[in-house]
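*Asks:* any chance you could fold what I've pasted below:
(one chain, ligands or ions: 1)
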Amino acid sequence: MQDALSLADVLAARQRMEGAATLDTPLVSSPFLSKVAGSDVLLKLEITQATGAFKLRGAASAVALLPPETAGVTCCSTGNHGRGVAYAAARRGLRAVICMSTLVPRSKVDGIRDLGAEVRIAGKSQDEAQAESERLVREEGLTEIAPFDALPVIAGQGTIGLELMEQRPDLETVLIPLSGGGLAGGIGFALKRMKPSIRVVGITMERGAAMYAALETGRPVEVTEVESLADSLGGGIGTDNRYSFELCRECLDDVVLVSEEEIYRAMQAHYFEDRIVCEGASAVGAAALMAGKLGTVKGPVATIVTGRNVDMAVYTDIMNGRDIKLGDYLIKGSSYAA
Ligand SMILES: *Cc1c(COP(=O)(O)O)cnc(C)c1O
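*Replies:* The predicted model follows:
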């Protein structure tokens, strides 16, 4: 793989991921969101991956490239990338050490241990967990699998773009939850190469959106991490970002921000209307549509339902319309009225 992404890299990633990640995940209609948007809205169900989130694609793509003599792998993760790396490594019989910060919810930590990986809790931010992972590379010879800023990972996430174009070549708008930008960069790249007229929109939360701040400033910047219902969208993009920032700058037509209250209502709507359990990060596309934040949307529209690894205590509170406390921020509860 060269130093820039090509469509051939995304196609090659799909081949080597065969059997290691679920390909051709379902793309299903949402009658409710279609009514809200005034045009067809389809949900790309990455919640059907074995680890419950799309990040298995990028991890499987990267792990498949490692030589047989690899000592093991490590990564720093807010959860879903760690699960993906743990699963992909176990499948190849490799040791995996997953580093994460104290902000990561308990359900995600347990989930990773259950996949057979070692978990190392290090520091209060993604950056501190990252430092521990780098130490393991230096001192124990492990190979780091980056969560978003590596071409094999981005190519793996980009396979979703290939599938979308095969499943619905008539798509006009694609909504992509945005954090480090591996997902949006990969999908956006593949889509724009295959259909330049398509509108690709990154969606993220108002509180602590690193890629949004970087795109506004024109370079990667540090943001303060805060708790969010979309916890999988937290974390920085790295001040030495090499690929995902440029890809997002090139391939995203817009970035839209949604509030915690909008994410809360969208999670309820996915449950009560679509009968889908998903985490906050997955509901940002629905949140943007429901809040009317996309202007006139040309359909058909697809939104990527990226993962379902949500803390079920918090989740049931939201479905029951209870208040949610995120650090010192309070989301006022409200029951869902269909
Ligand atoms: C990681 C993640 C995202 C964002 O992906 P990036 O490549 O970091 O932008 C969205 N949703 C879920 C569930 C995730 O785990």
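
*Asks:* measure how far the worst-scoring helix or strand of the chain on mean pLDDT is from the centre of its chain, please.
*Replies:* Lowest by mean pLDDT, DSSP states H and E among the helices and strands of the chain is helix 106-114, with a mean of 84. With Cα atoms, centre = their mean, to the nearest Å as the basis, helix 106-114 stands 18 Å off its chain's centre.

*Asks:* list the strands paired with whichever helix or strand comes after it, with their directions.
*Replies:* Helices and strands here follow DSSP states H and E; after helix 106-114, the next one along the chain is strand 118-121. Strand pairing for strand 118-121, using DSSP bridges, gives strand 96-100 (parallel).

*Asks:* what sits against the residue nearest to Gly156 when sequence neighbours are not counted?
*Replies:* Counting by Cβ to Cβ, 6 or more residues apart in numbering, Gly156 lies nearest to Ser61, which is 2.9 Å off, once chain neighbours are set aside. Yep, even glycine has a C-beta here, placed from its N, CA and C like the rest. Residues near Ser61 by Cβ atoms under 8 Å, 6 or more residues apart in numbering: 13, 16-17, 21, 152-153, 155-156, 159.

*Asks:* could you redo the last one with a cut-off of 10 Å?
*Replies:* Counting by Cβ atoms under 10 Å, 6 or more residues apart in numbering, Ser61 makes contact with 9-10, 12-17, 20-21, 84, 88, 145, 150-159, 186.

*Asks:* per-residue pLDDT, it?
*Replies:* Looking at Ser61, its pLDDT reads 98.

*Asks:* list the contacts for the nearest residue to Ser335 once chain neighbours are set aside?
*Replies:* Nearest residue to Ser335, sequence neighbours excluded (Cβ to Cβ, 6+ apart): Gly321, at 3.3 Å. Contact analysis of Gly321 by Cβ under 10 Å, 6+ apart lists 264, 268, 332-337.

*Asks:* which of the three states applies to Gly321?
*Replies:* Three-state call for Gly321 (DSSP: H, G, I helix; E, B strand; the rest coil): coil.

*Asks:* likewise the one 4 residues further on?
*Replies:* When states are read from three-state DSSP, the local structure at Lys325 comes out as strand.

*Asks:* how far away is it from the ligand?
*Replies:* Counting by Cβ to the nearest ligand atom, to the nearest Å, the gap from Lys325 to the ligand is 22 Å.

*Asks:* repeat that for Asp9.
*Replies:* In terms of Cβ to the nearest ligand atom, Asp9 sits 16 Å off from the ligand.

*Asks:* moving C-terminal of the longest helix along the chain, what's the next helix or strand?
*Replies:* Identified as the longest helix of the chain according to DSSP state H is helix 151-167. For helix 151-167, the succeeding helix or strand toward the C-terminus, using DSSP H and E, is strand 173-177.
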